[in-house]
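*Asks:* Show me the folded form of this:
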Amino acid sequence: MMVSNKLDNDLLFLNRFVNAAPHKDAIVDLSYTSKIVLSKGELDDLANRVAKGLIDRGVQPGENVAYLLPNGWEFVVLTLAIWKIGAVACPMLPALREREIPFIMNRSRSRLLILPTSFHNFKYGPLIESVCSEIPGMEHFITVDSRDPKDLTRCLGGLADQDPDFDELERRRPGSDSPAQLLFTSGTTGEPKGVIHTHGTLSHGVSAHVEGLGLTSEDTLWIPSPMAHQTGFLYGMIMAMYIGATQVCQAEWNMAKARMAIEEHGATFVQAAMPFLADLTREERPPQGLRIFIATGAPVPRSLALEASERLNCKVAGGWGSTESCMISVGSVKSYNESCWNSDGQIIAGREMKVTDEQGQTLPPGQEGLFKVKTPAMFTAYLDHPEWYEAAVDEEGFFNTGDLAIIDGAGNLHLTGRVKDIINRGGIKIPVAEIENLLYQMEDLRDVAVVGMPCPRLNERICVYATLNNMDCHVAIEDLTSFLKDKGVTKIYWPERLETLQEMPRTTTGKIQKYVLRQMIADKLKADEKTATQAGRGQSQDISVVLETM
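*Replies:* Here you go, the predicted structure:
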């Protein structure tokens, strides 16, 4: 089943961009040593020229075009050019390597691959040469080795060296139902899925969000999140086009560049993961000028939200969205209160959300269940897997997010965990997100992740991974259990082991990779068991902190 989310052409983000003021700054690129600024007119002209370069290389309407580029003017120009010829943008995160690039190239059937000569001290040429044989359909390998937008013969690998063909561009102009984006999920819990969005669904994705936040062309949007991820792509790049605002691009996390984006170039809005908010807030002299910070990925810990609101002098709100559904909920920045950041927000206009039991019956407020959403911004298909779409989207158009949630009596959303991220301790299901949110309130803990560790008797026990605020902190498992006891948490939910790390393993968009942590603790338990056996202690010992729970 495929859902049509047709939208009036005047409301499509691409058409709104074309009608924006030509002399206004469209891009401020802080990604490298030298700042690059492009007006809307310059950006449009470059995109028209690159569009001709793509046409000359045989790209057809509806064809996927794969590119691996960091945040910057090249990413925006190339994406616009792809859309202008009716093709589909298939961006890849710069961190992808030998395994992921061939997978996406082959799945997307892109005949082009566009990437930088190097980024973050990594040279891509040798990598592509080593995997070329695994990508039989690749016809053009284009490297970007000049960052000068005025060097038309070399910038974007020479794609901009010809004058535009406006008649052909008019013939190829995409409509609301034309496919616009093929974005692969991160694959942190399974095989990456190719999510397809149209120009209409992406435009729906930003329209109500913009209205609810009160954003206008007078705002400046800062984009430190990767543009190859939906957060930076849709709620940075496209949203700036939609409202005619300036976008400030930053390719690598660097506090000096962040300060420049906010204080020198006037960034007023950013939507990003919680680690960005934490780093800004914990600066000795936090940058001033942001008006709104939407923190996605996890509810903002109370202590951090209060500190951020005060030290950054801006409104901090939580929100929830996915690659498939775009944003569904967000905390209000107009009626600002504690629920704006200590929950995953309230429903965005035009969307629907509900919590159901396993039989599909809607549950009353306050009860945990399967979280399902319906939106005009819903994706239209999973690439090559219609059965995945049929399984995920029901006949009424509700998408099963795979999350567990509670919607409280005031309509606030509270994500409580993943269906596949539940610890089963002797038949007792552990509320992972609830425990994490409580532990985040401990002042010595910087980041927290609760994962299951293998146990032959109980199936799983509870392990906490944490990073500490400074090297002088000393936290023991007893501190955690005492804290949770004071919070009234039942003993069967208390963690049984604590592991501390200097840094959490994360995706490039800031999400903690729990599958990595689960593998780490499983490997450690095996090593401990082997050591115990070699030491002649007979049967392996349960080295977790055992709590009497019965």
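
*Asks:* Which residues are in contact with residue 60?
*Replies:* Contact partners of residue 60, counting by Cβ atoms under 8 Å, 6 or more residues apart in numbering, are residue 87. (Each C-beta comes from the backbone N, C-alpha and C, glycine too.)

*Asks:* Try it again at 7 Å.
*Replies:* In this structure, residue 60 makes contact with no residue, judged by Cβ atoms under 7 Å, 6 or more residues apart in numbering.

*Asks:* What distance do you get for it to residue 82?
*Replies:* From residue 60 across to residue 82, the span is 12 Å (Cβ to Cβ, to the nearest Å).

*Asks:* before we move on, what about residue 259?
*Replies:* For residue 259, the distance to residue 82 - Cβ to Cβ - is 33 Å.

*Asks:* For these two, indicate the residue with more neighbours.
*Replies:* Shown here are residue 259 and residue 82; by other Cβ atoms under 10 Å, residue 82 has more neighbours (28 against 17).

*Asks:* close enough to count as contact, the more buried one and residue 63?
*Replies:* No: using Cβ atoms under 7 Å, residue 82 makes no contact with residue 63, being 9.2 Å away.

*Asks:* so residue 366, which of the three states?
*Replies:* Following DSSP: H, G, I helix; E, B strand; the rest coil, residue 366 is assigned to coil.

*Asks:* from memory it sits against residue 406, does it?
*Replies:* Yes: assessed by Cβ under 7 Å, residue 366 is found in contact with residue 406 at 6.3 Å.

*Asks:* More neighbours: these two, which one.
*Replies:* Ranked by neighbour count (other Cβ under 10 Å), residue 366 and residue 406 place residue 406 first, with 22 against 11.

*Asks:* lowest-confidence helix or strand of this structure?
*Replies:* The least trusted helix or strand in the chain, going by mean pLDDT, DSSP states H and E, turns out to be strand 428-430, with a mean of 76.

*Asks:* and the next element down the chain from that one?
*Replies:* Proceeding N to C from strand 428-430, the next assigned helix or strand is helix 432-439, under DSSP states H and E.

*Asks:* Other residues contacting the helix or strand just after that following helix?
*Replies:* Following helix 432-439 in sequence order, the next helix or strand is strand 445-455 (DSSP H and E). Applying Cβ under 7 Å, 6+ apart, the contact partners of strand 445-455 are 423, 432, 435-436, 439-440, 460-469, 475, 495, 497, 504, 512, 514, 517-518, 521-522, 525, 544.

*Asks:* try 6 Å this time
*Replies:* With contact meaning Cβ atoms under 6 Å, 6 or more residues apart in numbering, strand 445-455 is reached by 423, 432, 435-436, 439-440, 460-461, 463-469, 504, 512, 514, 517-518, 521-522.

*Asks:* can you pull out the helices in the stretch 51-200 of the chain?
*Replies:* In the stretch 51-200 of the chain, the segments counted as helices under DSSP state H, counting those that start in this stretch are 73-84, 100-108, 124-131, 166-172, 199-213.

*Asks:* Relative to residue 139, which of those helices is closest?
*Replies:* Ranking the helices of the stretch 51-200 of the chain by proximity to residue 139 (Cβ to Cβ) places helix 100-108 first, at 11.1 Å.

*Asks:* how far out from the middle of the chain is the closest one?
*Replies:* Centroid separation between helix 100-108 and its chain, computed with Cα atoms, centre = their mean, to the nearest Å, is 20 Å.

*Asks:* now for it, which elements pack on it?
*Replies:* Packing partners of helix 100-108 (3 or more Cβ pairs under 6 Å, 6 or more residues apart in numbering; DSSP states H and E): strand 64-68.

*Asks:* repeat that with 10 Å
*Replies:* Contacts defined by 3 or more Cβ pairs under 10 Å, 6 or more residues apart in numbering; DSSP states H and E place helix 100-108 against strand 64-68, strand 88-92, strand 112-116, helix 124-131, strand 179-184, strand 194-198.

*Asks:* Pick out the shakiest of those, pLDDT-wise.
*Replies:* For these, the weakest mean pLDDT is recorded on helix 124-131, namely a mean of 93.

*Asks:* related to what we said a few turns ago, can you say which of the contacts of strand 445-455 are buried?
*Replies:* 423, 432, 435-436, 439-440, 460-461, 463-466, 468, 504, 512, 514, 517-518, 521 (16 or more other Cβ atoms under 10 Å).

*Asks:* what is in contact with residue 82 and residue 63 at once?
*Replies:* Taking Cβ atoms under 10 Å, 6 or more residues apart in numbering as the criterion, residue 82 and residue 63 both touch 54, 88, 90, 112.

*Asks:* picking that back up, can you put the helices and strands packed on helix 100-108 in TSV and add mean neighbour count?
*Replies:* Output for these, formatted as TSV (neighbours: other Cβ atoms under 10 Å):
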stretch	mean neighbour count
strand 64-68	24
strand 88-92	25
strand 112-116	24
helix 124-131	14
strand 179-184	24
strand 194-198	24
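
*Asks:* can you redo those as JSON lines with distance to residue 153?
*Replies:* Formatted as JSON lines, the helices and strands packed on helix 100-108 follow (distance: least, Cβ to Cβ, whole Å):
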{"stretch": "strand 64-68", "distance to residue 153": "20"}
{"stretch": "strand 88-92", "distance to residue 153": "24"}
{"stretch": "strand 112-116", "distance to residue 153": "16"}
{"stretch": "helix 124-131", "distance to residue 153": "20"}
{"stretch": "strand 179-184", "distance to residue 153": "29"}
{"stretch": "strand 194-198", "distance to residue 153": "34"}
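
*Asks:* And the ones you listed: which comes nearest residue 138?
*Replies:* Taking Cβ to Cβ, strand 112-116 is the member of the helices and strands packed on helix 100-108 nearest to residue 138, at 5.7 Å.

*Asks:* Alpha carbons only: can I get that closest one in PDB?
*Replies:* Provided in PDB are the C-alpha atoms of strand 112-116 (Å, rounded to 0.1, in the frame of the first residue of the first chain):
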ATOM      1  CA  LEU A 112      27.000   8.100 -10.100                       C
ATOM      2  CA  LEU A 113      29.000   8.500  -6.900                       C
ATOM      3  CA  ILE A 114      30.100  12.000  -5.800                       C
ATOM      4  CA  LEU A 115      32.400  12.500  -2.900                       C
ATOM      5  CA  PRO A 116      35.200  14.600  -1.600                       C
END
